[in-house]
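Participant: Sequence and computational prediction follow.
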Amino acid sequence: MNHSLSYLSAVLRRQARLLVLGVLLGAGAAFLMSHLTPPVYRASTTLLINATDNTLADESGWRIKARGQVVFKGGSANLNSNWVRLSDQRAPTYAEMLLLPSTVAATLQELGLSFPVDSLPAQLNVNLTSDTQLLDLQVTSPDAQLAVDLARTLPAVFNHIYATLLTAQYAETQANLAQEIAAVQDQVAQAQVLINALETPRDLAQAADLERLQSDQAQLRQSLAELTKTSADLRLTVAQANNSLIVVEPALAPTAPIYPRPIEDTVLGGLIGLLGAIGLASLIEAVDDRVRSSDQIERVLHLPVIGRIAQWPTSDPALLAWHTPRAPMVEAFRALRTNLQFAGVDHPLRTLLITSDSPSQGKSTIAANLAVVMAQAGLRVALVDADLRHPNLHRMFDRANREGLTEVLRRDPTEWPTCAMLSGVPNLSLVVSGALPPNPAELLGSQRMRQWLEFLRQTHDVVIIDAPPILSATDATVLAHQVDGVVLVAAYGVTRLRTAAVSKQQLDQPGVRCVGVVLNRLPPCTWAYQRDYQPHGATTQADSPA
């Protein structure tokens, strides 16, 4: 967990500029858009469907059968039971009818506006509240007054239109009911006349006729009562249609636009820009395998990072440890020296090979300054330039590149004690490369080279060898078998993990000990350098030149 957090923190630090740029671009774009976008206002009205309105335009027709029996279109039933089935359809039906072009056009006419419905500068929406008979009418428009006028007027216009539709729909039914009521009333009156004529029956036949007439009249009176009640219900239904939608919460004039909202939009734009920058940074990290942290090296190469060297300005001398020994960055070389001493507790590192996977990683600079701080600590150090292809040490120490390694190997071993030249640094002997041979690998792998390294081991405390890059030639691999330890140099933001892994594989041979990696050219002010350049929390003091 800590490893993952550390890696994520390192990625965020490396991509800090990209993240800041993403936030600034996102916030800036959102801020600009919020000021260029016209404000939009919203007015809302909460409506309640009238519970006593037992009508639906397409479901509430009536049909009258003989003898005054009243049924629905769908079959025999009563009004309330049919309404239970239809009630669930009212909310979506009313919502659709509120937004019909004819309803909106009538509302605009009521408000005295001449906007065509298809070019109305407002957006109407009706939201249904689940498991309730509530409707939320929302009107969104750049004109705040238009939004509130539409939200207030549209329900009233809907009620009027709906009532008009029901009145027209039930007009024929009411007329038929009136005719049927009149007919039944005539039948009741005729039955009464016959009953009156037979009020005193003279025989059993007349008594039976009287009883039949009275029974028929009772049925007619019952049918007349049902028809009269049905007619009254229809009149009540049409009357209630004028209040089908009840305004529960009227629309209020909006005091602020719903968008744009400069502050909220700017914050949201910044967050979106940050997320985009994080995504881009992740993509860059996935594609770019350049070394940027100790965690990458330890995870891929399975080697410890034993040194972290900052990038110093080009105006500073290459031998910073000698010319400015008390500079803060020189402490990193002393930390490297201490870490190498810890690494050699069980197996002393008397001969040390400094190399890298490819050129321009700073291996020669690391070798030279490490040799200087070791010499300043009182050790007898021999620094050998074994890069017989592109030597650099003679330039750093301002020495002529003659009478160097290639000439030493041709001489008799009895002359070797006089071959190492003075470096200008006390306790430090310098062996430059000398004339460049046509066969460097064969020369460095020769028996004479082994004898020369053994001679240096006996006459010095530490021998540091600057070798060619591993992937450029086999020279470093040949020399790796002749030394006590190998140190790989990786340049921050330059060395690629793929090539470093290949170099490590070439060193994974019997008899070769890879001590660790020096991460070079770290940005001086990065947290990683400030935290890690000290060796395992140890403190060091500047070594004064002898």
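Facilitator: In hand now; what should we look at?

Participant: Grab the longest helix from this protein for me.
Facilitator: Counting residues, the longest helix in the chain under DSSP state H turns out to be helix 144-197.

Participant: by contact count, what packs against that helix?
Facilitator: Where contact means 3 or more CB pairs under 8 Å, 6 or more residues apart in numbering; DSSP states H and E, helix 144-197 is packed against strand 41-49, strand 62-64, helix 79-98, helix 101-111, strand 134-141, helix 204-240, strand 245-249. (Glycine included, C-beta is placed from N, CA and C.)

Participant: Worst mean pLDDT among those?
Facilitator: Ranked on mean pLDDT, the bottom entry among the helices and strands packed on helix 144-197 is strand 62-64, at a mean of 40.

Participant: what separates the longest helix of the chain from the chain centre, distance-wise?
Facilitator: A distance of 61 Å separates the centroid of the chain from that of helix 144-197, by CA atoms, centre = their mean, to the nearest Å.

Participant: Run the angle between that helix and strand 134-141 for me.
Facilitator: Following axes from the mean of the first three to the mean of the last three CA atoms, to 10 degrees, one obtains 140 degrees for the angle between helix 144-197 and strand 134-141.

Participant: Please work out the average pLDDT along helix 144-197.
Facilitator: pLDDT averaged over helix 144-197 gives 87.

Participant: got it, and stretch 16-29?
Facilitator: The average of the pLDDT scores along stretch 16-29 is 92.

Participant: got a list of contacts for that stretch?
Facilitator: For stretch 16-29, the surrounding residues in contact (CB atoms under 8 Å, 6 or more residues apart in numbering) are 12, 266-267, 269-274, 276-278, 280-281, 284.

Participant: One more pass at 6 Å, please.
Facilitator: Applying CB atoms under 6 Å, 6 or more residues apart in numbering, the contact partners of stretch 16-29 are 266, 269-270, 272-274, 276-277, 281.

Participant: buried stuff in it?
Facilitator: Neighbour counts over stretch 16-29 (16 or more other CB atoms under 10 Å) mark 18-19, 22-23, 25-27, 29 as buried.

Participant: swap in stretch 207-217?
Facilitator: By 16+ other CB under 10 Å, the buried positions in stretch 207-217 come out as 210, 213, 216-217.

Participant: again with stretch 161-172
Facilitator: Buried residues in stretch 161-172, counting neighbours by 16+ other CB under 10 Å, are found at 161-163, 166, 169-170.

Participant: for stretch 395-405, same thing?
Facilitator: 396-397, 399, 401, 403-405.

Participant: Count the neighbours of residue 415 for me.
Facilitator: Neighbours of residue 415 under the rule other CB atoms under 10 Å: 9.

Participant: what is the rounded mean pLDDT of stretch 364-384?
Facilitator: For stretch 364-384, mean pLDDT is 95.

Participant: hmm, back to that, can you list the helices and strands packed on helix 144-197 in a markdown table and add distance to residue 337?
Facilitator: As requested, the helices and strands packed on helix 144-197 are exported to a markdown table (distance: least, CB to CB, whole Å):
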| stretch | distance to residue 337 |
| --- | --- |
| strand 41-49 | 71 |
| strand 62-64 | 106 |
| helix 79-98 | 81 |
| helix 101-111 | 85 |
| strand 134-141 | 72 |
| helix 204-240 | 98 |
| strand 245-249 | 79 |
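
Participant: Sounds good, over and out.
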